[in-house]
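Participant: Turn this into a structure:
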Amino acid sequence: MPDMNDCKSLGDRVQGVLDLPTRQKNALRLLLSKPSITPQEIAGLNCHVLERAPGVGKQSLAIIRAWLNSHGYELSGQPNVSSNKRQVQHQKKLERAIEYLRRHGYEVRRSQR
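Facilitator: Below you'll find the model as predicted:
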């Protein structure tokens with residue numbers, strides 16, 4: 001006869017997936033100064049606010065995003081993922097240089113490759 005403790009209802013298993021770990025839950029409660037939080041409240045926060053919250057690092061942020069996604073929410077203000085930060089920085093520097101030259105009367109054209 002199977003042990004009844006081995007059998008969990010589907011609701012129990014799903015609830016386990018949807019629960020937010022204690023560490024992240026406490027950090028979010030502290031951030032909002034509330035004893036309980038909802039996914040809707042957290043989804044209303046900006047990603048940058050969460051990044052700067054005490055007790056929320058990269059791993060916690062990923063856990064919070066997964067928790068929100070499991071409830072059908074997205075975190076607002078998520079930064080665009082850049083495949084190469086150095087390339088983005090180079091592009092911004094180039095754009096500033098071109099703007100500087102144009103401001104001082106130079107005509108800037110793209111070279112033909």
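
Participant: so where is this structure shaky, pLDDT-wise?
Facilitator: 1-18, 78-83, 112-113 (pLDDT under 70).

Participant: let's see it at 50
Facilitator: 1-17 (pLDDT under 50).

Participant: What is the longest helix of it by residue count?
Facilitator: Secondary structure of the chain per DSSP state H: the longest helix is helix 85-103.

Participant: and it, how far from the chain's centre?
Facilitator: Offset of helix 85-103 from its chain centre (Cα atoms, centre = their mean, to the nearest Å): 27 Å.

Participant: Ramachandran angles for residue 76?
Facilitator: Dihedral pair for residue 76: phi -80, psi 150, per degrees, to the nearest 10.

Participant: what's near enough to touch it?
Facilitator: 43-47 (Cβ atoms under 8 Å, 6 or more residues apart in numbering). For every residue, glycine as well, the C-beta is placed using N, CA and C.

Participant: Using a markdown table, lay out these together with secondary structure and distance to residue 31.
Facilitator: Output for the contacts of residue 76, formatted as a markdown table (DSSP: H, G, I helix; E, B strand; the rest coil; distance: Cβ to Cβ, whole Å):
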| residue | secondary structure | distance to residue 31 |
| --- | --- | --- |
| 43 | helix | 14 |
| 44 | coil | 12 |
| 45 | coil | 8 |
| 46 | strand | 12 |
| 47 | helix | 13 |
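
Participant: Nearest to residue 28 among these?
Facilitator: Using Cβ to Cβ, residue 45 comes nearest to residue 28 of these, at 8.7 Å.

Participant: Could you look up the SS state of residue 54?
Facilitator: Following DSSP: H, G, I helix; E, B strand; the rest coil, residue 54 is assigned to coil.

Participant: rewinding a little: please dump the contacts of residue 76 into TSV; it should also carry distance to residue 37 and neighbour count for every row.
Facilitator: Shown next, in TSV, are the contacts of residue 76 (distance: Cβ to Cβ, whole Å; neighbours: other Cβ atoms under 10 Å):
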residue	distance to residue 37	neighbour count
43	11	17
44	11	12
45	10	18
46	16	12
47	16	16
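
Participant: Pick out the most distant pair among these.
Facilitator: By the measure Cβ to Cβ, 44 and 47 form the most distant pair in these, at 11.5 Å.
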